[in-house]
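J.: okay, here's the prediction I keep looking at, along with the sequence it came from:
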Amino acid sequence: MAGTPRNQPKIMTVRELASYLHVHPATIHRLLKERKIPAFHVGSDWRFNAETIDRWVLRQQKAGRQWPRV
């Protein structure tokens, strides 16, 4: 079966996350610089866990924050 196995988390790059959230990659870099978005490094590159990002977006919405203003 192609794709990510069910027990493996979906991991995204900055570009993939920007597309997923419908924002410019510069917005993701700004959020990273401000330490406002959950992320981790793989070498010198940023990566994002899709489940963690989904929970983060829900928390932003529950807090009354308008996306992408966080």
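T.: Cool, the structure landed.

J.: residues of the longest strand seen in the chain that come out buried?
T.: Assignment by DSSP state E gives strand 45-49 as the longest strand of the chain. Neighbour counts using 16 or more other CB atoms under 10 Å place 46, 48, 49 of strand 45-49 among the buried residues. Backbone N, C-alpha and C define where each C-beta goes, glycine included.

J.: stretch 16-23 now?
T.: Within stretch 16-23, the residues that count as buried by 16+ other CB under 10 Å are 16, 17, 18, 20, 21.

J.: mind checking how far the last one is from residue 64?
T.: Which is residue 21. Residue 21 sits 18 Å away from residue 64 when distances are taken as CB to CB, to the nearest Å.

J.: could you do the third one as well?
T.: Going from residue 18 to residue 64 by CB to CB gives 23 Å.

J.: ok, so of the buried residues of strand 45-49, who is nearest residue 26?
T.: residue 46 (13.2 Å; CB to CB).

J.: got a list of what that closest one touches?
T.: Contacts for residue 46 (CB atoms under 8 Å, 6 or more residues apart in numbering) come out as 13, 14, 28, 32, 39, 40.

J.: could you measure from residue 29 over to residue 23?
T.: 10 Å.

J.: sorry, back to before: given the longest strand of the chain, what are its sheet partners and their directions?
T.: Note on strand 45-49: by DSSP bridges, its sheet partners are strand 11-12 (antiparallel), strand 40-42 (antiparallel).

J.: all set now, cheers.
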